[in-house]
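Asks: give me a 3D structure for the following:
(2 chains)
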Amino acid sequence: MADPLLTARDLHTYLATGQGVVRAVDGVSLTVAEAEVLGIVGESGCGKTVTCRTIMGLMSRRTAYSSGQVIYHPRGGDSILDLPQRELQKLRGTQLAMIFQDPMTALNPVTSIGSQLTEAVTAHARLTRQQAHDRAVELLTRVGIPAPERRMHDYPFQFSGGMLQRALIAIALASSPRLLLADEPTTSLDVIIQDQILSLLLELQRDTGMSMILVSHDLAVITEVCERIIVMYGGQVVEEGDTATIITAPSDPYTKALLEALPQGGHRGALRSIPGAPPSLIDTPAGCRFVPRCPLAMHECTGWVTELVETGRPGHRARCWRHHEVGRARVWQASDSA
Amino acid sequence: MSQAWATHPSQLLLRAAERGARRSRSTGRRRLVLISGLVMLGIAIIAILGAPLIVSKSPTAIDVLHPLAPPLTSGHLVGTDQYGRDILARILYGGRIDLAIAFGATSVTLVFGTVVGLIAGYFGGWVDSLLMRIVDLFFAFPFLVLIIAIIAMLGPSIFNMFVAIWITSWVSYARIMRAQTVVAKKQQYVLAARTLGYGRARIMLRHILPNTASAVIIFSMVDAIGNIILAASLGFLGLGAQPPTPEWGTMISDGQNYILSSWWLATLPGVAIVFVGVAFSLIGDGLADLLRSGDR
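Replies: The predicted structure follows:
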């Protein structure tokens, strides 16, 4: 693996709500290497978004309690979560960037695209008005917006969803970040635009050599784009490894279930899904969180604190006692025919 | 057959176009409200600033030979008061104080209250609690009583009237702005701005304020009328402008003793207040519609 760029170690984020403490992120560790595209996949409510926001230091300190370390390697070995607000702000504006799920709401509705772009360009760099304008137009061109000079004056409501996501990407790239966190960037877009945006992101990633964390609930998207995948469930990482390994030899029942749920090309019939819903993250019991939905669950799965264990393949770890059996198990096919 | 025609696409398009036309017509009507308000206010401002050009008499000059002259007396277009002072001159010169209150008192409280509300709403936590408890404290007092108390402490004068309004009436702006800010700060564009590493001041002023300012701006128009009426009330109570300084409220107060015999003393300054008040409220209405429809 290339040099690590960002490492999160034992990240916990607990949210205080009226119903109790939600353990949204419960001991997540991950590493992104230089120029790597890392995928995080999992159902809604698995803590993917909160993980991203914790890494960016965006969780409100009043309602969210975080622990753990986020180490941004070019800055040395200290956790960036402990930095004073101002330093963290600077880091966010210059080294780390993030794009969001819903481009429709992620831009200020009363300011033109152009002025939001120039603001992003000038926020952390000293540029003249003309330079900033040129850079903004250049960015818009870069993300494939036709007639960028003219579109600079448009307001967000005059853009389509795909165009808005492009504009957001342009804004995120304004500071030439080393790491881009893309939090479900294509979820609210239709499939064709989805594909365009993903190709654009990949192309930009390749050209600039930045690293990228792509978060999605869509395993198909993730496997297509990412070199390495982290599967999250119930606020924990349940499996991590190379894309090829994960696809060919999933070692956590949840990953396996996700793969099974992908529609097969040419295969007609009912879509398979995972019965049940992700667990509530309030008062989670010890033991594996997938137990209620897991066809491989056994007595030992409850009650024991689970850990990520090496499966023997390089860089591949899974949070399952029976990880060796997952690939071979026939239970999924059996339940399908039933 | 007619069933088929009713749903024909061209028919639907036509209907949509008609709806659009109706909407744009009503947009025009809304603009008309704003424009007529601005025109009325413009007339008032020109008349008040250009008072020396319109009337040759001083507002405090006494014409001993013609006290209580009715309107349309030669030399006094709208009559004189009990001392023979020209009412038109007094209304026009007196308007300076009332308009100064409308603009001067309102703009200061608008800016201050907006900033306080923005800070309370954006920072939240103890900052919010502290600022809003202070606001509650002001709301707990009867407004006029509080103002009278402050003026009683400082002594009655026009400047102290400004001070009293500054101290007391920013609280409404703070409350409106706080509510708007609390909503706006949860919006994703604010989160996006934070991910770009923007500072708090930049986020508040450039991203939240433009999205929330319309409410306080509209309210400020209502508040401006309120302040004119307040100035008039304080003048009426003898706590505002002191004689012989002309001021609409003071004029009404002086004229009430003569209301049965010489109606014009109290009525005409009242008409002036109504005129300016209507102008402000038309502007407020027009702005409200314009800013609201401009959102999308």
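Asks: what ranges does chain A have for its strands?
Replies: For chain A, the strands defined by DSSP state E cover A:4-17, A:20-33, A:37-41, A:64-72, A:96-99, A:179-183, A:211-216, A:228-233, A:236-242, A:309-310, A:317-318.
Asks: the second one vs chain B: in contact?
Replies: Meaning strand A:20-33. No - on the criterion C-beta under 8 Å from any C-beta of the partner chain, strand A:20-33 is out of touch with chain B, staying 15.9 Å away. C-beta coordinates here come from the backbone N, C-alpha and C atoms, glycine included.
Asks: so what touches that strand?
Replies: A:1-15, A:38, A:40, A:47, A:50-51, A:54, A:64, A:66, A:68, A:179, A:211, A:213, A:230, A:232, A:234-237, A:240, A:281-284 (C-beta atoms under 8 Å, 6 or more residues apart in numbering or on different chains).
Asks: format the strands of chain A as TSV; extra columns: mean neighbour count and distance to B:A224.
Replies: Below are the strands of chain A laid out as TSV (neighbours: other C-beta atoms under 10 Å in any protein chain shown; distance: least, C-beta to C-beta, whole Å):
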stretch	mean neighbour count	distance to B:A224
strand A:4-17	18	43
strand A:20-33	20	47
strand A:37-41	26	54
strand A:64-72	18	43
strand A:96-99	26	43
strand A:179-183	25	45
strand A:211-216	25	50
strand A:228-233	26	56
strand A:236-242	24	58
strand A:309-310	12	71
strand A:317-318	24	67
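Asks: out of these, which gets the lowest mean score?
Replies: Here those differ in mean pLDDT, and the lowest is strand A:309-310 at a mean of 85.
Asks: quick one: that one to chain centroid distance?
Replies: Here strand A:309-310 is found 23 Å from its chain centre; the criterion is C-alpha atoms, centre = their mean, to the nearest Å.
Asks: how much space between the closest residue to chain A within the stretch 1-150 of chain B and A:R61?
Replies: Minimum separation of the stretch 1-150 of chain B from chain A (C-beta to the nearest C-beta) falls at B:G125, amounting to 5.8 Å. As judged by C-beta to C-beta, to the nearest Å, B:G125 and A:R61 stand 9 Å apart.
Asks: columns distance to B:L144 on top of the strands of chain A, output as a markdown table?
Replies: Output for these, formatted as a markdown table (distance: least, C-beta to C-beta, whole Å):
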| stretch | distance to B:L144 |
| --- | --- |
| strand A:4-17 | 43 |
| strand A:20-33 | 48 |
| strand A:37-41 | 61 |
| strand A:64-72 | 46 |
| strand A:96-99 | 52 |
| strand A:179-183 | 53 |
| strand A:211-216 | 57 |
| strand A:228-233 | 61 |
| strand A:236-242 | 62 |
| strand A:309-310 | 75 |
| strand A:317-318 | 72 |
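Asks: near chain B, which residues of the stretch 101-250 of chain A are found?
Replies: Listed as neighbours of chain B in the stretch 101-250 of chain A under the rule C-beta under 8 Å from any C-beta: A:102, A:105-111, A:119-120, A:123-124, A:157, A:168, A:171-172, A:174-175.
Asks: in helices, which of these appear?
Replies: Residues of those located in helices (DSSP state H): A:119-120, A:123, A:168, A:171-172.
Asks: min pLDDT across the residues you listed, which one?
Replies: A:A123 (85).
Asks: I figured that one hits B:T195, correct?
Replies: No - using C-beta atoms under 8 Å, A:A123 is not in contact with B:T195; the gap is 11.6 Å.
Asks: looking at those two, which one has more neighbours?
Replies: Neighbour totals were compared for A:A123 and B:T195, and B:T195 leads with 25 against 19 (other C-beta atoms under 10 Å in any protein chain shown).
Asks: in contact with the more buried one, which residues are there?
Replies: A:56, A:58, A:92, A:96-98, A:172.
Asks: list buried residues within the residues of the stretch 101-250 of chain A next to chain B.
Replies: Buried members of those, scored by 16 or more other C-beta atoms under 10 Å in any protein chain shown, are A:102, A:105-108, A:110-111, A:119-120, A:123-124, A:168, A:171-172, A:174-175.
Asks: from those, which two are the most distant?
Replies: Using C-beta to C-beta, the two most remote members of these are A:D102 and A:H124, lying 25.1 Å apart.
Asks: tell me the residues on the stretch 1-150 of chain B that lie near chain A, please.
Replies: Contact residues, the stretch 1-150 of chain B versus chain A (C-beta under 8 Å from any C-beta): B:124-125.
Asks: the stretch 1-150 of chain B: helices as residue ranges?
Replies: With helices called from DSSP state H, counting those that start in this stretch, the stretch 1-150 of chain B shows them at B:2-6, B:9-49, B:51-54, B:87-100, B:106-123, B:125-140, B:143-154.
Asks: B:P67 is nearest to which of the ones you listed?
Replies: Nearest to B:P67 among the helices of the stretch 1-150 of chain B is helix B:87-100; the distance by C-beta to C-beta comes to 11.6 Å.
Asks: in chain A, which residue sits nearest chain B?
Replies: A:G93 (2.4 Å).
Asks: burial count for that residue?
Replies: Number of residues near A:G93 (other C-beta under 10 Å) recorded here: 22.
Asks: so it touches B:A193, yeah?
Replies: No - look at A:G93 against B:A193 with C-beta under 8 Å: they stay out of range, at 10.2 Å.
Asks: name the residues of the stretch 151-296 of chain B found near chain A, please.
Replies: Near chain A, when you scan the stretch 151-296 of chain B using C-beta under 8 Å from any C-beta, you find B:187-189, B:191-199, B:202, B:206-207, B:210-211, B:295-296.
Asks: ok, and the closest non-adjacent residue to the one residue in chain B that gets nearest to chain A?
Replies: When scored by C-beta to the nearest C-beta, chain B has B:G197 as its residue closest to chain A, at 2.4 Å. Spatial nearest neighbour of B:G197, excluding adjacent residues (C-beta to C-beta, 6 or more residues apart in numbering or on different chains): A:G93 at 2.4 Å.
Asks: what do you get for B:Y189?
Replies: Closest to B:Y189 by C-beta to C-beta, 6+ apart is A:N108, at 4.6 Å.
Asks: how about the residue of chain B closest to chain A, phi and psi?
Replies: Main-chain dihedrals, B:G197, degrees, to the nearest 10: phi 80, psi 20.
Asks: what about it, how many residues close to it?
Replies: For B:G197, the count of nearby residues is 24 (other C-beta under 10 Å).
Asks: got it, and B:A232?
Replies: Neighbour count of B:A232, defined by other C-beta under 10 Å: 28.
Asks: give me every residue that touches it.
Replies: Listed by C-beta under 8 Å, 6+ apart, the contact set of B:A232 reads B:98, B:240, B:247-249, B:252, B:269, B:273.
Asks: okay, and which of the residues you listed map to strands?
Replies: Among the contacts of B:A232, DSSP E puts none in strands.
Asks: can I get those in JSON lines including pLDDT and neighbour count?
Replies: As requested, these are exported to JSON lines (pLDDT from 0 to 100; neighbours: other C-beta atoms under 10 Å in any protein chain shown):
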{"residue": "B:D98", "pLDDT": "87", "neighbour count": "28"}
{"residue": "B:G240", "pLDDT": "80", "neighbour count": "28"}
{"residue": "B:E247", "pLDDT": "87", "neighbour count": "28"}
{"residue": "B:W248", "pLDDT": "88", "neighbour count": "28"}
{"residue": "B:G249", "pLDDT": "85", "neighbour count": "28"}
{"residue": "B:I252", "pLDDT": "86", "neighbour count": "22"}
{"residue": "B:P269", "pLDDT": "90", "neighbour count": "28"}
{"residue": "B:I273", "pLDDT": "90", "neighbour count": "22"}
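Asks: good, we can wrap up now.
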